[in-house]
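**Q** build me a structure from this.
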Amino acid sequence: MNLLILGRGKTGSLVAEVARERGHQVEVLGSADNPGGKALTAERLKGVDAVLDFTTPQAVIPNIIACAAAGATMVVGTTGWYKQLPQVRELVERSAIGFLWASNFSVGVNVFFEIARAAAAALRQGYLARITERHYAQKKDMPSGTALVLQKILNENGDADVQIDSVREGDTVGMHVMFFDSPNDSMMLVHDAKSRRGFAEGAVRAAEWLAGKKGFYEFQDALQSPPPAPSRIQ
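**A** Predicted coordinates for the structure are as follows:
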């Protein structure tokens, strides 16, 4: 596949590295190369199989609008824009492009979401819950998109109002903790990312799965299928 990566940050750079390892042709655009999505024209995106966005909350919406106008397939791993999800879904459906997003492309985190759905039963039995998330000091959004998804799952499935504590320090990749407490016992469920590679591999797998598809998807849709084997350039 021919992939265009938007964003030269830590995750975007690693996505490009993993995509090349999996046999794909890769080009990367940084913010200076693509102000306001202006570089994402139909002519520029001709022959690009998927655009993968790992930019900033301020940049991602103009990029989505530009890709939709150009008819380009898109995978979005940028966080911090989810209040605009309904409008983006409408734009994707109107434009008839393939679009897949995730608050977190880690396979482990998406399993953690399923664990959260099961654990929400504790809230219906009188337990109190709290979420703590810790990330590297430069992370732009707070709380993290992953923590917000966990909060939504617990609130909707546990009929609760779970709060989030956010910590930004050092070079922490990403840790999410769900605490459950009652007078009789307590539980602590933890996902701790060892590196950003899991996010990068998931994003590339998402682009591979999305090839040839139209519509609005989440990463969990892609996880219903067996992982594709990486292609190798001889």
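
**Q** quick one, phi/psi of Ala193?
**A** Backbone geometry at Ala193, expressed as degrees, to the nearest 10, gives phi -70, psi 130.

**Q** roughly how far apart are it and Val51?
**A** Noted for Ala193: a distance of 24 Å to Val51, by C-beta to C-beta, to the nearest Å. In short, each C-beta sits where N, CA and C put it, glycine included.

**Q** which parts of this protein are helices?
**A** Assigned by DSSP state H, the chain shows helices spanning 10-21, 57-70, 85-95, 107-119, 145-158, 197-210, 219-222.

**Q** just how off-centre is the fifth one within its chain?
**A** This points to helix 145-158. Distance of helix 145-158 from its chain centroid, counting by C-alpha atoms, centre = their mean, to the nearest Å, is 15 Å.

**Q** what's it in contact with?
**A** Contacts with helix 145-158, where a contact means C-beta atoms under 8 Å, 6 or more residues apart in numbering, come from 79-80, 82, 103-104, 109, 112-113, 116-117, 119-124, 129, 131, 133, 143, 160-162, 164, 166, 174, 176, 178.

**Q** for PyMOL, what selects the buried ones among those residues?
**A** Provided next is the PyMOL selection string for whichever of the contacts of helix 145-158 are buried by 16 or more other C-beta atoms under 10 Å:
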select buried, resi 79+80+82+103+104+109+112+113+116+119+120+122+123+129+131+133+143+160+162+164+174+176+178
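
**Q** take the contacts of helix 145-158 and keep only those in strands.
**A** For the contacts of helix 145-158, the ones inside strands are 129, 131, 133, 164, 166, 176, 178, with DSSP state E as the criterion.

**Q** which of the residues you listed lies closest to Glu21?
**A** Of all the ones in strands among the contacts of helix 145-158, Glu21 sits closest to His176, with 27.0 Å by C-beta to C-beta.

**Q** who has more neighbours, Ala193 and Val51?
**A** Between Ala193 and Val51, counted using other C-beta atoms under 10 Å, Val51 has the larger neighbour count: 25 against 19.

**Q** look at that one and report its pLDDT.
**A** In this model, Val51 is scored at 98, pLDDT.

**Q** how about Ala203?
**A** 97.

**Q** mind checking how far it is from Phe179?
**A** The spacing between Ala203 and Phe179, counted by C-beta to C-beta, is 29 Å.

**Q** next, the buried residues of stretch 81-95.
**A** Judged by neighbour count (16+ other C-beta under 10 Å), stretch 81-95 contains these buried residues: 81-82, 88, 91-92, 95.

**Q** now the two most distant members of those residues.
**A** Using C-beta to C-beta, the two most remote members of the buried residues of stretch 81-95 are Tyr82 and Ser95, lying 19.4 Å apart.

**Q** of the helices of the chain, which stretch is the most buried?
**A** When the helices of the chain are scored by mean count of other C-beta atoms under 10 Å, the highest mean neighbour count falls to helix 197-210 (a mean of 23).
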